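Q: Return a 3D structure for these sequence lines:
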Amino acid sequence: MHARSKTGRLLLLLLLLLLVGPTAPVALAQKKAPAAKKSKAQLERERRANLKRIKETSRILAQTQQKKQASVGQLNAIQEKLVVQQGVIKNISSELRYIEGDVQQTEGQVQQTRQRLERLKAEYARLIYAGSKTANGYNRLMFLFAAESFNQFLLRLRYIRQYTEVRQAQAKQITQTQQRLGQQLTGLQQQRQEKGSLLSTQLSEKKTLTTLRVQQNQVITKLTQQEEGLRKELANRQRAISRLDNLIALRVREEIARAAREAARRAAARARAAEVAANAGRSPGATSRTPTTAAAEEAAATKAERTDRVTLTPETAKLAASFTDNRGRLPWPVGKGFISQRFGRHNHPVLKNVVVENRGVDIQTNSGESVRAVFSGKVLTVASVPGMGNIVMVQHGDYFTVYAKLRNVSVSEGQTVEARQTLGTVSTNAEGTSEVQFQVWRNSANLNPENWLGRK
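A: Reported below is the predicted structural model:
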């Protein structure tokens, strides 16, 4: 009898272990899964974004390839595709590492689940074997009525009930474990299929990368043979940039002087108003301007000539502060395209030992693409610069944005524009390259536009 009571307690303990034991590893697996899925989802979004960039660049490249002669614009488009293509391949490699980790984790879970299922089946077999000895009602009754006391009778009755519950729970655990194993095997198969698909995609993208490199080398070879033409083109560009720089510097100086004179007039008006108020109680002959007022006006006028920054009103100061707050978040001046030439000094893409300098960024885009204001402001200048096409200069307090290489312009000087409002359309040169130059200035200081534009 003592042995049977001990068996009952062991069965209860087994039941508790079966019901409580497996929850911890399952919970841990569920906690880890979201982080992995989130990272994979992010990688997939990046890959889709890169593929979209490749599609856009392919359209731009196709336009430059309509001309049989190789061009720097064509080379820029190929190089942009190369950079993005490398990003796609790197992204796929990262995704493959995540999937490989998922596969290994799932394989481990499958192995653990199979081992657990075997243990459950073995335990269940022992339960069935033990239960077969008291399978009929007579044996159960003999077991109950052989009790030496009423309390022992109740304990044995509880044991029989608990034994039945343990066996049912064990059977349920086996069914659930079998279902979990099936789900894990299905998930493992899907992960392996996804891995195989990504490997095929990676191979295809690498072949595309190789093709692009061959195409890049061919264009460079053709351009190298056109060295004289490239040097002439570069000289024309430098002259055009110089003309644009002179125009920007002139318009900034004029605006600085105008704003300072306006501030001086406002200061003088306030001084006269104060003088009138102070002389209100004096005799009529004592209300003329005093030397103090005249000196104040003269000092303000002198300051207007010396200042090197735009004198801001409360309204323009607020606009400039808002422009500053949007650093790194400004919309691009065109809806589609890529930076074909970056800000500052850098080597020419073809000519050896030749360094070019860019006051802004050149953005290569589609033919006929609209050029938009990146922030609200006032159109300060609309002009035409040889070699740079039409240009629009927009003022944002003491900041200025410049849009050059426009085919036509749809705004006029003095007009107030809003962010993303169309200023004109991009021009396309004889080589089939559609490109807009975008610059950012603060007073007379030239700034890097890439630090101000947001991510596309």
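Q: CA only for contacts and neighbour counts going forward, please
A: Will do.
Q: so where's the protein uncertain?
A: Scanning the chain for pLDDT under 70 picks out 1-39, 65-69, 124, 126-148, 150, 152-167, 170, 281-307.
Q: all strands for it, in order.
A: Shown for the chain, the strands assigned by DSSP state E span residues 338-341, 344-347, 355-358, 361-365, 370-372, 377-385, 389-396, 399-409, 416-417, 422-426, 434-442, 445-447.
Q: I'd like the ones you listed as a markdown table, with distance to residue 210 and mean neighbour count appended.
A: Shown next, in a markdown table, are the strands of the chain (distance: least, Cα to Cα, whole Å; neighbours: other Cα atoms under 10 Å):
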| stretch | distance to residue 210 | mean neighbour count |
| --- | --- | --- |
| strand 338-341 | 21 | 20 |
| strand 344-347 | 24 | 12 |
| strand 355-358 | 28 | 15 |
| strand 361-365 | 23 | 24 |
| strand 370-372 | 34 | 23 |
| strand 377-385 | 41 | 19 |
| strand 389-396 | 37 | 24 |
| strand 399-409 | 34 | 23 |
| strand 416-417 | 46 | 18 |
| strand 422-426 | 32 | 23 |
| strand 434-442 | 26 | 24 |
| strand 445-447 | 37 | 14 |
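Q: Number of residues surrounding residue 191?
A: A count of neighbours around residue 191, defined by other Cα atoms under 10 Å, yields 17.
Q: Contacts only, for it.
A: 99, 102-103 (Cα atoms under 8 Å, 6 or more residues apart in numbering).
Q: How about residue 89, nearest residue that isn't a chain neighbour?
A: Nearest in space to residue 89, with sequence neighbours left out and distances taken as Cα to Cα, 6 or more residues apart in numbering, is residue 202 at 6.1 Å.
Q: Am I right that the one you found is in contact with residue 91?
A: No - if you go by Cα atoms under 8 Å, residue 202 and residue 91 don't touch, sitting 9.5 Å apart.
Q: intersection of neighbour lists for these two?
A: Here residue 202 and residue 91 have no joint contacts, going by Cα under 8 Å, 6+ apart.
Q: Tell me who's in contact with the closest residue to residue 259 other than its chain neighbours.
A: Excluding the flanking residues, the one nearest residue 259 by Cα to Cα, 6+ apart is residue 311, at 5.4 Å. Residue 311 sits next to 256, 259-260, 263, 398 when contact means Cα under 8 Å, 6+ apart.
Q: Farthest-apart pair in those residues, please.
A: 263 and 398 (14.3 Å; Cα to Cα).
Q: So for those two, which residue has more residues nearby?
A: Legend: neighbour count by other Cα under 10 Å for residue 263 and residue 398, higher for residue 398 (22 against 19).
Q: mind checking how far that one is from residue 313?
A: According to Cα to Cα, to the nearest Å, residue 398 and residue 313 sit 10 Å apart.
Q: Same check on residue 280?
A: For residue 280 relative to residue 313 (Cα to Cα), the value is 30 Å.
Q: And for residue 117?
A: Taken as Cα to Cα, the span from residue 117 to residue 313 is 78 Å.
Q: ok so, going back, looking at the contacts of residue 311, which is nearest residue 149?
A: Checking the contacts of residue 311 against residue 149 by Cα to Cα gives residue 398 as the nearest, at 100.2 Å.
Q: For that closest one, give me its contacts.
A: So residue 398 contacts 309-312, 316-317, 320, 442-443 (Cα under 8 Å, 6+ apart).
Q: For the residues you listed, which single residue is the most surrounded?
A: The most crowded member of the contacts of residue 398, judged by other Cα under 10 Å, is residue 310 (24 neighbours).
Q: what's in contact with stretch 350-363?
A: By Cα under 8 Å, 6+ apart, stretch 350-363 touches 220, 223-224, 227, 230-231, 337-348, 435-440, 446-450.
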